[in-house]
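K.L.:
Here's a sequence, model it:
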Amino acid sequence: MPHPDLTVPDSRKMQALLVVVTTAALAPFLNKAFHIDDPLFLWMAQQIAKHPLDPYGFEVNWVSFTQPMSVVMQNPPLCCYYIAAVAAVFGWSEPALHLAFLFWPIISILGTFAVARRFCHEPLLAALLTLFTPAFLPSSTSIMCDVTMLAFWIWALEFWLKGLDRSRWWHFLVSAVLISLAALTKYFALALVPLLAVYTFARARRLIPQLAWLLIPIVVISNYDLVADEKYGHGLFSAATTVSAAISSATRPSHFAQLLMGLAFAGGCFASALFFAPLRKGGWALLAAVGLVLFAAGFRFLIVSRFYLETDAAPVWLEGGIFATIGAGILALTVINLVQQRNADGLLLFLWILGTFLFATFFNWSVTARTFLPLGPAVAILIVRYLERRRRISGLRYLPLTAAAGLSILITIADYQLANCARRAARIYRDRYGAEANNVRFLGHWGFQYYMQQWGAQAVDRKLGNITRGNIIVGPFSDTNRIELSAEEMVARDESTCSVLPFVSTLGIGTGAGFYTSLYGPLPWTINRIPPERYYTVQTR
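P.N.:
A predicted model of the protein is given here:
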């Protein structure tokens, strides 16, 4: 069982240190351009500022044709209400909003520290290991809902455990409210309900009245769905589950290939675990070597051929093998911990990790690093518990963490530069064509769309057919929603490039990296020869 009476020396000093380290790690990225789905959250927040009770009541062109926001946005609105509240005071600039969102990774890391105190003697190491993972650090530089949900998640867990330890009803109430807030931030947080129910039953060895508190988030989301159905014609939670399943079934390869890709994402997202692996022990080293060969071969023949690559294929399938080996090692360690502990906290970690892995691999609309994010604290706690059992915690325990921090920061820099390319390109086009904005059409979405629309350029709408003679059309070559125009219908004007980190990528067609969606690549990040971002300009005749 967790140890509620476990004391940690200088706990407040450690918490202060975590605040300082988290802030220092993320402060260099406060001016990061809005990226990926950030614009969706911004536009909904702007809608909330005008119509607080109608967050989805507008239309958006997000896939080259206009749709209701209630169809496009597959997340609940709580995060957008936070953005609207912050922007009402501090404005809509990147530094203001990123600074406001710095609160959530800090709270997440402090929550990890609080929960880890119950499971291990080195909660500081567990919290820092959560911070310095390729999943957590880049995700903390966005204004999307993932880290916000994690903050609610980890504190809901802490208050539930505290309620079981101290038998105080208000701890359960706070936990239930936090689960509800987490679910209104991102629907996956409802997974806490069965997770805590099973854990509580395993710990108490009977059904206890406190389980009734878990009905609160179920009632909240059920009523939310009913209100949404009344207002928008369909339940938003139920629609999100349907859309996710439909896209997943249409784009998923074989189940084995999907499993392999899920293992690679899990390993890549938590590659920091590699620096703590017992590879000097012959048995573990042999298993890792065999796994690497098998997984790399699987990537080479089952996965890489499905993706268009502009870079060398060998690094992609080799890194896929490495990442999948790490992912398999994490799952194996989860099972070993359960078998060795045979208690409720071992079961909690097992279900937390396995459940999130299965959802992120097989049930989400695509495999994404953000979906694996809730694994972070559990994986970190699991690793520290393993090190403590093997008595491998020494004075040099933070040395591997330095390597983990360096890797995670490097990946975050790559994502930062990629995001800023879209803003830079949009501003170049603004300076060049701002005087004739009504004549400019663009392809490409995400952050590029946000910055193009800021100066009046219009997104191409396939259904409206808003391209006419003489229009200037711009966009990134990496856009998947291209339109087909013949050479007789257009004339090329120029091409431009934007440099990114030349050896690390988090996303890009042809790179093998698909941090935000596996539709772009089978790995969350990749080390390879990364070409610059390319943009085109054509004019219709």
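
K.L.:
So, low pLDDT: which residues of the stretch 301-450 of the chain?
P.N.:
The stretch 301-450 of the chain contains residues with pLDDT under 70 at 392-396.

K.L.:
please redo it, this time with the cut-off set to 90
P.N.:
Low-confidence regions of the stretch 301-450 of the chain, defined by pLDDT under 90, span residues 304-313, 341-342, 365, 387-399, 444.

K.L.:
what about the nearest residue to residue 190 once chain neighbours are set aside, distance to residue 520?
P.N.:
Excluding the flanking residues, the one nearest residue 190 by C-beta to C-beta, 6 or more residues apart in numbering is residue 183, at 4.9 Å. No exception for glycine: its C-beta is placed from N, CA and C like everyone else's. Distance, residue 183 to residue 520, by C-beta to C-beta, to the nearest Å: 28 Å.

K.L.:
The two - which one has more neighbours?
P.N.:
Applying other C-beta atoms under 10 Å to residue 183 and residue 520 shows that residue 183 carries more neighbours, namely 27 against 23.

K.L.:
downstream neighbour of the helix or strand where residue 441 lies in the secondary structure list?
P.N.:
For residue 441, the host element (DSSP states H and E) is strand 440-442. Downstream of strand 440-442, the next assigned helix or strand under DSSP H and E is helix 446-454.

K.L.:
Now do the buried residues in that following helix.
P.N.:
By neighbour count on 16 or more other C-beta atoms under 10 Å, the buried set for helix 446-454 is 446, 447, 448, 449, 450, 451, 452, 453.

K.L.:
contacting residues around that helix?
P.N.:
Residues from elsewhere that reach helix 446-454 (C-beta atoms under 8 Å, 6 or more residues apart in numbering): 33-39, 42, 62, 419, 422-423, 425-427, 429-430, 440, 442, 444, 459, 474-476.

K.L.:
Show me where the stretch 1-150 of the chain has its strands.
P.N.:
59-61, 66-68 (DSSP state E, counting those that start in this stretch).

K.L.:
just so I know, which of these lies nearest residue 506?
P.N.:
strand 59-61 (24.4 Å; C-beta to C-beta).

K.L.:
Show me what the closest one pairs with in its sheet, parallel or antiparallel.
P.N.:
Here strand 59-61 is paired, per DSSP bridges, with strand 66-68 (antiparallel).

K.L.:
Pull the distance from the strand it pairs with to the chain's centre.
P.N.:
Put simply, strand 66-68 sits 25 Å off its chain's centre (C-alpha atoms, centre = their mean, to the nearest Å).

K.L.:
what is the mean pLDDT for that strand?
P.N.:
Mean pLDDT, computed over strand 66-68, is 94.

K.L.:
ok, now how distant is residue 470 from residue 428?
P.N.:
The value you get for residue 470 to residue 428, if C-beta to C-beta is used, is 21 Å.

K.L.:
ok, now residue 247?
P.N.:
As judged by C-beta to C-beta, residue 247 and residue 428 stand 33 Å apart.

K.L.:
what does residue 409 give?
P.N.:
28 Å.

K.L.:
Check residue 476 too.
P.N.:
From residue 476 to residue 428 the distance is 12 Å (C-beta to C-beta).

K.L.:
And residue 409 and residue 428? Which one has more around it.
P.N.:
A direct count of neighbours by other C-beta under 10 Å for residue 409 and residue 428 places residue 409 higher, at 19 against 15.

K.L.:
Please enumerate the strands of the stretch 401-541 of the chain.
P.N.:
440-442, 458-459, 472-476, 490-498, 504-505, 507-508, 513-514, 526-527, 533-540.

K.L.:
And the ones you listed, which one averages the lowest pLDDT?
P.N.:
strand 490-498 (a mean of 85).

K.L.:
and it, what other elements does it pack with?
P.N.:
Counting contacts by 3 or more C-beta pairs under 8 Å, 6 or more residues apart in numbering; DSSP states H and E, strand 490-498 is packed against helix 399-433, strand 533-540.

K.L.:
Save the ones you listed as JSON lines, and put in distance to residue 47 too.
P.N.:
Converted to JSON lines, those look like this (distance: least, C-beta to C-beta, whole Å):
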{"stretch": "helix 399-433", "distance to residue 47": "22"}
{"stretch": "strand 533-540", "distance to residue 47": "29"}
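
K.L.:
Of these, flag the one that's most buried.
P.N.:
helix 399-433 (a mean of 20; mean count of other C-beta atoms under 10 Å).

K.L.:
does the spatially closest residue to residue 517 that is not a sequence neighbour count as helix, strand or coil?
P.N.:
Nearest residue to residue 517 in three dimensions, chain neighbours excluded: residue 366, at 4.6 Å (C-beta to C-beta, 6+ apart). Following DSSP: H, G, I helix; E, B strand; the rest coil, we place residue 366 in the coil state.

K.L.:
okay, which residue is most central for the protein?
P.N.:
Centroid check for the chain by C-alpha atoms, centre = their mean gives residue 370 as the closest residue, at 1.6 Å.

K.L.:
any idea how far the nearest residue to residue 426 once chain neighbours are set aside is from residue 36?
P.N.:
Nearest residue to residue 426 in three dimensions, chain neighbours excluded: residue 451, at 3.4 Å (C-beta to C-beta, 6+ apart). Distance of residue 451 to residue 36, given as C-beta to C-beta: 13 Å.

K.L.:
quick one: contacts for residue 239?
P.N.:
Here residue 239 is in contact with 70, 71, 74 (criterion: C-beta under 8 Å, 6+ apart).

K.L.:
let's see it at 10 Å
P.N.:
Residues near residue 239 by C-beta atoms under 10 Å, 6 or more residues apart in numbering: 70, 71, 74, 225, 228, 229, 232, 233.

K.L.:
same deal with residue 323?
P.N.:
Going by C-beta under 10 Å, 6+ apart, residue 323 touches 134, 260-261, 263-271, 274, 295, 299, 522-526.

K.L.:
Show the subsequent helix or strand relative to the helix or strand where residue 247 lies.
P.N.:
Using DSSP H and E, residue 247 falls within helix 236-251. Sequence-wise, the next helix or strand downstream of helix 236-251 (DSSP H and E) is helix 255-269.

K.L.:
Mind giving me the packing neighbours of that following helix?
P.N.:
In terms of contacts (3 or more C-beta pairs under 10 Å, 6 or more residues apart in numbering; DSSP states H and E), helix 255-269 is packed against helix 136-139, helix 282-298, helix 313-341, helix 344-358, helix 369-372, helix 375-389, strand 513-514.

K.L.:
Among the ones you listed, which comes closest to residue 216?
P.N.:
Using C-beta to C-beta, the helices and strands packed on helix 255-269 put helix 344-358 closest to residue 216, at 20.3 Å.
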